[in-house]
Each structure stands twice: as structure tokens, then as C-alpha cells.
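1. got a structure for you, letters missing:
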């Protein structure tokens, strides 16, 4: 019989272990989310990150060794970003009917998200790498991470900030928009998609079909606008 | 067969995006250019949609799981987050609320303006 130490030596070297662990941790996160009645606060990605972070710490595995296995999942972010064109194209009729409100709201939401985050964080003394990682936080994660990397920020930090932004938007949107007295489902959904990407969009679909479709549109368009504006806006805060 | 062609087209568009970014020094991520490329293809030949959308929808339905490996990288930032964490949290929550408010108010105002003119 082979000893545990030898089996572990094999596993620690093979990419299969951490690839499997990544998918299993996410599956556990999804189960936890279902138990919590699909509450946006129990986010499957955050659960998976917590489980895996703990596993790395307990086993003394460095992140680089983990990434050897997990890179196969990570790699699919690029193709997934390209695929965002599909829902954008599908919603083109919606976009055409409300093109002016959409463009105005896109510009207002996208610029507000970046400028206010950077202004507040800088005023509170956050350092430069953190600021660059924070700038694209309202865009969908694959795009935001690409933007942060091009800016000289940290893509891994951006991933976590993006998820936190999505959760914040999903939790705040309904009470905030009710308090503001905005009843137009298109306006509500679109703004949530622009400010809090896929997590906000998923929440918008739960509330109202039209809001969900417009949220998807807002997420796709803001991915593009953030990629274009972030370098320029971030340079004003350095 | 039904999978290989659209998948290779998606990867090819991403590759073209990466090459253009490297060649021109554009500050936009390569995959975002690939997305613009796919959008252009779809507008030029809407029939492509039937072949690309099954793969795209499948991939986008599981988009969240793709963030996990990068998210785990946060273990390397624990020290920085301990110091800047509260500031980042405040910036993130306040700016997200402001962005939702600004976006929704702008959308509603412009839509109302246009209806009044009609």
C-alpha cells in the first residue's frame, strides 16, 4: 500500500487536484446559495474563494501551484468575454427602441461608477495599485480583470472587488430605486446592469423580465465603455 | 463538428484581438476587441447567431465559475486588504449606489423628455 505522503506528493504536482478542487468548491458554493434562498449575499464565487483559500492555507500550497491546475478554468474567461457579443446582439431591438436614454444612462452610470470609486478611495488614502485595481470594478469580471492588468493594477484583486461590487448592487438596487421613486423597469434594470454587471443582472431578472433584459444590455455596453474610459479616468487620479 | 467551428471562430476572434492590442498598444483588453469583432460578424451575417449562440449561452451560463481561480489570488493580498480593506469597501458600496442612482435617473429623465416631445 502506498503511503499518504507519496499520494500527496503526486497530487500536489498534478494539475488535476486543484482543477477538481476549484469546480468542487464552486459546486459547494452553489449549494450554499440555494440553501440561502438564492440570496445575493451568499455568493457562490465568494464561498468557493473562501473554501479554496482555506485549503491552500491548511495544505501550505502556494498560489502559483494552485494556479497550475486552475489555469484551465481561468483560460476560458477570454472566450467568454468574446461571447458577451451574443446577448448584446440578441437585445439589439430593445436597444434600438430606447437608444438615447440608453447612451445617456450608460455614460452617466459608467463615469459615476469609476470617478466616485476612485475619488473616495483616494481620499481615504488607498495606494496606487489598489486604485488601478478598483477603477474597472463595475464592468463584468473578465473585462475588468483585463482592464486592471493593462492599467498596471492587480487582476486578482480586481476579481474580488468586482464580485463585491456585484453583491453590493444586487442588495441595494431595489430599496434604493424604490426610495428614488423610479418605476420605469427599463431604467431600473439598465442602471443595475451598468453598475453591478452579471450579479446585478441576475438579480434584475428575479425582479422583472424587462429589467433583466435591460440589465444584460447595460452590462454588455459598460464592459465596452469601461475598457475605453478606464485608462483615461484612472490617469486623472494618479 | 457543430462545436468545433464556432469555438474555433471565437478563439480566432480573441487571438485577433490580442494581436491588434499588442501591435497597436491600445489600452483595451484583447478579448474585448474580440467581442467587438464577434458583434461585427453577427451584424454582417445574422445567420451566424444560430451556430455561435449555443456555445456562447453555455459558456455565459457558467461565467461565475471562471472567476474563481483569479479570486483565490486574493490570498496573496490579505496584508494589503487588511490595511486598505475598509476604505475599499466604503468606496465600492458608495460608488455603486451613486452609479445605480445616476444611471437610472438619467435613463428615466431622457425617456420622459423624448415622450413629451412626441
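-> Everything's here; your move. Just so it is clear, the structure is predicted and the values come from calculations on it, not from any experiment. Numbering: from 1, shown residues only, chains lettered A, B, ... in the order given.

2. any low-confidence regions in the chain?
-> Reading this off chain A. Low-confidence regions of chain A, defined by pLDDT under 70, span residues A:1-2.

3. let's do chain B instead
-> Ranges of chain B meeting pLDDT under 70: B:1-2.

4. can you rerun that using 80?
-> Within chain B, the ranges that satisfy pLDDT under 80 run B:1-3, B:27-28, B:76-82, B:117-118.

5. which residue is nearest the centroid of it?
-> residue B:32 (7.2 Å; C-alpha atoms, centre = their mean).

6. How much space separates the nearest residue to that one once chain neighbours are set aside from residue B:39?
-> Closest residue in space to residue B:32, ignoring its immediate chain neighbours: residue A:227 at 4.6 Å, by C-beta to C-beta, 6 or more residues apart in numbering or on different chains. Heads up, the C-betas are built off the backbone N, CA and C, glycines and all. Separation of residue A:227 from residue B:39 (C-beta to C-beta, to the nearest Å): 13 Å.

7. Of the two, which one has the most company?
-> residue A:227 (26 against 20; other C-beta atoms under 10 Å in any protein chain shown).

8. correct me, but the more buried one touches residue A:147?
-> Yes: taking C-beta atoms under 8 Å as the definition, residue A:227 is a contact partner of residue A:147 at 5.6 Å.

9. Tell me the gap between the longest helix seen in chain B and the middle of its chain.
-> Assignment by DSSP state H gives helix B:78-117 as the longest helix of chain B. Offset of helix B:78-117 from its chain centre (C-alpha atoms, centre = their mean, to the nearest Å): 18 Å.

10. So is it next to chain A?
-> Yes: with C-beta under 8 Å from any C-beta of the partner chain as the criterion, chain A is reached by helix B:78-117 at B:80-81, B:84, B:87-108, B:110-111, B:114.

11. and the residues you listed, which are buried?
-> B:80-81, B:84, B:87-108, B:110-111 (16 or more other C-beta atoms under 10 Å in any protein chain shown).

12. ok, residue A:112 - contacts?
-> Shown in contact with residue A:112 (C-beta atoms under 8 Å, 6 or more residues apart in numbering or on different chains): B:95, B:98, B:99, B:102, B:103.

13. related to what we said a few turns ago, which parts of the helix or strand containing the residue nearest to the centre of chain B are buried?
-> Element membership of residue B:32, judged by DSSP states H and E, is helix B:30-44. Neighbour counts using 16+ other C-beta under 10 Å place B:30, B:31, B:32, B:33, B:34, B:35, B:36, B:37, B:38, B:39, B:41, B:42 of helix B:30-44 among the buried residues.

14. The last one against residue B:52, yeah?
-> Yes: using C-beta under 8 Å, residue B:42 is in contact with residue B:52, at 7.5 Å.

15. what's the overlap in contacts for those two?
-> residue A:86.

16. care to break chain B down by domain?
-> Per the record, chain B has its domains at B:1-61, B:69-118, by automatic domain parsing.

17. is it possible to export the ones you listed to a markdown table including distance to residue A:32?
-> Listed next are the domains of chain B as a markdown table, based on distance: least, C-beta to C-beta, whole Å:
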| stretch | distance to residue A:32 |
| --- | --- |
| domain B:1-61 | 19 |
| domain B:69-118 | 15 |
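
18. and of these, who's closest to residue A:10?
-> domain B:69-118 (21.5 Å; C-beta to C-beta).

19. so who does the residue nearest to residue B:32 touch?
-> Contacts of residue A:227 by C-beta under 8 Å, 6+ apart are A:136, A:139, A:143, A:146, A:147, B:27, B:28, B:29, B:32.

20. For the residues you listed, pick the one with the most neighbours.
-> Among the contacts of residue A:227, the one with the most neighbours (other C-beta under 10 Å) is residue A:136, at 36 neighbours.

21. Which of the three states applies to it?
-> Secondary structure, DSSP: H, G, I helix; E, B strand; the rest coil: residue A:136 is coil.
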